[in-house]
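Could you look at this predicted model? Sequence included:
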Amino acid sequence: MLLKNDVLEYTVPAPRTVRILWIDACQALAYTIALNAKSAQPEMVLVRALVDDVLAQRARLLLIDPYAARPAPPSLPEKYLQVRARGWAVVSALAHAEPAIYQPRQRGKMVQEYGALHGISHPTIYRYLRRYWERGQTRDALLPDYGNSGARGKTRSANADVKRGRPRKAGEHPGLNADPAIRDTFRAAVARYAATHAEFSRRAAYRQMIEDYFRDRDVALLPTFGQFNYWIEKDLPAAPR
C-alpha cells in the first residue's frame, strides 16, 4: 500500500523521482510531483499504476526519505524563521484545499486571487508551494537552506555515536539502538495499523510509523525497517507479514 509523502525512484523509461502528494479516500487517484525538476507541477496518476510500477521494479519505494526537510534546530537565526513564516502564510492558506490545489485550472485561480489580495507575485507563490510539496509537506520545508543541513536529495551523514548491531553497508545511515521505548513504539505502530487497515503489511506499517512517530527526526536517527521487522518477530511473533 502506498501512502501520502511516499517517494518513488524510477529507473525506466528514464531516471526520475516523484513524491506522492495526495491519495483519494478510495485509493484510486493520486497526485505526484517530480523532485529535482525545475518548475515541476503536480500530476494526476492512477494509484494502481504506481503500485504496478513498484511491483514490476520500474520504480523503487524509498523507505527513508532523503528529500524531506530537516526539522529546524533551536539555534536557527531569526531571519530564517521569518522566511519560513512568510512561506507558511501562503502555503497554509492554499495547500489545504485538496485536491483543487493540485488541479492546474483551480490552482491558477487560487494563486491569482491570493496574489491580488496580498500583493504577492505568482512566481513567489508557486515557489513556496513547490518547496512545500517537494520537501515533505511540513512547515520546515519552507526554511531556506542553511549551514550543515546537507544537500537536498542526498542521504545525510549520521552522528558519530556508537551503535549496537552489525556494521552498516557503505552509504547506509547508522540508525539508532532499539531500546525499550522504541520497541514499545514498534508494537504500538503495529496495533494502530492493524486496527485501521483490513490488510496488514509490515512495510506499510513501518512507513506509517515513521510518518506518525518520527517525521521530525533526522534521517540518521530513524529506526530501520530491519530493526522494525526484527523486533516485531521477537515481540509479536504472531503478527502477519
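Yep, that arrived. Numbering: from 1, shown residues only.

and the lengthiest strand in the chain, which strands flank it?
Assignment by DSSP state E gives strand 16-23 as the longest strand of the chain. Next to strand 16-23 in the sheet, as set by DSSP bridges, lie strand 7-10 (antiparallel), strand 29-34 (antiparallel).

So which residues of this structure form helices?
47-55, 78-94, 104-118, 122-134, 180-196, 202-213, 225-235 (DSSP state H).

Pipe those into a markdown table and attach mean pLDDT per row.
Converted to a markdown table, these look like this (pLDDT from 0 to 100):
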| stretch | mean pLDDT |
| --- | --- |
| helix 47-55 | 93 |
| helix 78-94 | 94 |
| helix 104-118 | 96 |
| helix 122-134 | 95 |
| helix 180-196 | 84 |
| helix 202-213 | 86 |
| helix 225-235 | 87 |
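
What distance do you get for Pro42 to Lys4?
From Pro42 across to Lys4, the span is 13 Å (CB to CB, to the nearest Å). Where C-beta positions appear, they are placed from N, C-alpha and C, glycine not excepted.

okay, and the common contacts of those two?
Common neighbours of Pro42 and Lys4, using CB atoms under 8 Å, 6 or more residues apart in numbering, are Leu21.

Burial check on Met44, number of neighbours?
Around Met44 there are 13 other residues, counting by other CB atoms under 10 Å.

Give the closest residue to it in space, chain neighbours not counted.
Nearest residue to Met44 in three dimensions, chain neighbours excluded: Tyr31, at 5.6 Å (CB to CB, 6 or more residues apart in numbering).

quick one: contacts for that neighbour?
20-22, 42-45, 99, 102.

separation between it and Leu61?
Counting by CB to CB, the gap from Tyr31 to Leu61 is 17 Å.

Domain boundaries for the chain, per the record?
7-62, 78-142, 156-241 (automatic domain parsing).

any chance of the ones you listed in JSON lines, plus distance to Ala72?
What follows is the domains of the chain, written out as JSON lines (distance: least, CB to CB, whole Å):
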{"stretch": "domain 7-62", "distance to Ala72": "20"}
{"stretch": "domain 78-142", "distance to Ala72": "5"}
{"stretch": "domain 156-241", "distance to Ala72": "10"}
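
how about those, which one is nearest Pro71?
domain 156-241 (4.5 Å; CB to CB).

Could you tell me how far that closest one lies from the centre of the chain?
Centroid separation between domain 156-241 and its chain, computed with CA atoms, centre = their mean, to the nearest Å, is 16 Å.

Please apply the same query to stretch 128-139.
A distance of 10 Å separates the centroid of the chain from that of stretch 128-139, by CA atoms, centre = their mean.
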